[in-house]
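[1] got a structure for you, letters missing:
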């Protein structure tokens, strides 16, 4: 029986096989997932914004520029090896457009860009991502296989 | 920000009057009875957001209108998809099934519903506070409720650890339920408390 562990907004969790990490209803937020296929451990962070940007940090899992490093630290505690870590991510949508007003901040896109550059900075390969567009996503991350199941309402479900 | 009991009561009353006007507008528009809960004024921490929307990945039609002017905020209507269909059916006077995702007419009708409800809310709030306010053009999203809520919350690129919601449940008879949320922007609460002498 695998446990499904819920990762809330601005939350960060790690798990061992055979557990599943999940987060529901990602809009402009990003679910970043790390996996060590040998140790069969994984972690997920529900990132909301790209950078702390001088804001008092509060909960570091909220920001892409803090969460990736923290997620690595946490997953290493479960015996993962940094050199084996690989990443997947999903989310980063633009859910609303106001007629005649281009979205200035593009939070979703910038979240994805920041996660990507953070992963690069730590030397962790991003195997695959499902980001952008205008759809909400619910994701389940299998820490045994590293499969990331992405469910949307109008574009079905896929495993990446 | 610390809110006193008196201020909290004032916000509830603002919610009550404002949402009452919005519910009345919906009732007039649809020609059916709409009941309204006592507004809940509460601060929710981010990890507890699912207490605002029970099912973060449930399919809902959400109309989002920005309240602009001296006391800005965000007004958001959540309609579970069946209720959104019932709203459009009542507006169009039909019993036929409506595919909201596929119908531009239905979507524009929903936006108009949001527009009229928020305008009523704003008129009430302006009368009460004397602060001039205007609604933005309404935007509509039909997708997972949680995904839409996060986009609304994050739009300005900042977010607090705790968010104040003024939250009213609407129930139409038969078969319509919806949730009206007003999110005051930073500074708006102080402005309102100021003019109300609190």
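    Received the coordinates, thanks. Computed from a prediction, not measured in an experiment: that's the story for all the values here.
[2] C-alpha from now on. contacts and neighbour counts both.
    OK.
[3] burial count for residue 113?
    Going with chain A. Burial of residue A:113, expressed as a neighbour count using other Cα atoms under 10 Å in any protein chain shown, amounts to 14.
[4] The intended chain is chain B.
    23.
[5] And for residue B:37?
    Burial of residue B:37, expressed as a neighbour count using other Cα under 10 Å, amounts to 14.
[6] try residue A:129
    Close neighbours of residue A:129, defined as other Cα under 10 Å, add up to 17.
[7] can you check residue A:3 too?
    Counted with other Cα under 10 Å, the burial measure for residue A:3 works out to 12 neighbours.
[8] Only the buried residues of stretch B:70-82, if you could.
    B:70-82 (16 or more other Cα atoms under 10 Å in any protein chain shown).
[9] Just put these in a markdown table and tack on distance to chain A and pLDDT.
    Below are those laid out as a markdown table (distance: Cα to the nearest Cα, whole Å; pLDDT from 0 to 100):
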| residue | distance to chain A | pLDDT |
| --- | --- | --- |
| B:70 | 21 | 88 |
| B:71 | 20 | 88 |
| B:72 | 17 | 90 |
| B:73 | 16 | 90 |
| B:74 | 13 | 90 |
| B:75 | 14 | 89 |
| B:76 | 12 | 91 |
| B:77 | 14 | 90 |
| B:78 | 14 | 91 |
| B:79 | 16 | 91 |
| B:80 | 14 | 91 |
| B:81 | 12 | 91 |
| B:82 | 15 | 89 |
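[10] Going by distance to residue B:184, which of those residues wins?
    Distance to residue B:184 across the buried residues of stretch B:70-82 (Cα to Cα) is lowest for residue B:73, with 4.2 Å.
[11] quick one: contacts for the closest one?
    Residue B:73 makes contact with B:66-67, B:182-185, B:188 under the criterion Cα atoms under 8 Å, 6 or more residues apart in numbering or on different chains.
[12] need the strands for chain A, in chain order.
    Here chain A has its strands, by DSSP state E, at A:4-6, A:12-16, A:20-26, A:30-36, A:41-47, A:86-91, A:126-131, A:137-142, A:148-151, A:157-159.
[13] Quick check: which of those strands is nearest to chain B?
    Checking those against chain B by Cα to the nearest Cα gives strand A:20-26 as the closest, at 4.4 Å.
[14] which neighbours does the closest one have in its sheet, and in what orientation?
    The partner list of strand A:20-26 in its sheet, established with DSSP bridges, is strand A:4-6 (parallel), strand A:137-142 (antiparallel).
[15] Can you say which of these is packed in most?
    Most buried of the strands paired with strand A:20-26 by mean neighbour count (mean count of other Cα atoms under 10 Å in any protein chain shown) is strand A:137-142; its value is a mean of 26.
[16] what's the neighbour count on the residue of chain A found nearest chain B?
    With Cα to the nearest Cα as the measure, the residue in chain A that lies nearest chain B is residue A:27; the distance is 3.7 Å. Number of residues near residue A:27 (other Cα under 10 Å) recorded here: 36.
[17] in chain B, what spans have low per-residue confidence?
    In the prediction, chain B carries residues with pLDDT under 70 at positions B:1.
[18] Would you mind measuring from the most centrally placed residue in chain A to residue A:137?
    Nearest to the mean C-alpha position of chain A, counting by Cα atoms, centre = their mean, stands residue A:32 at 1.7 Å. Separation of residue A:32 from residue A:137 (Cα to Cα, to the nearest Å) stands at 13 Å.
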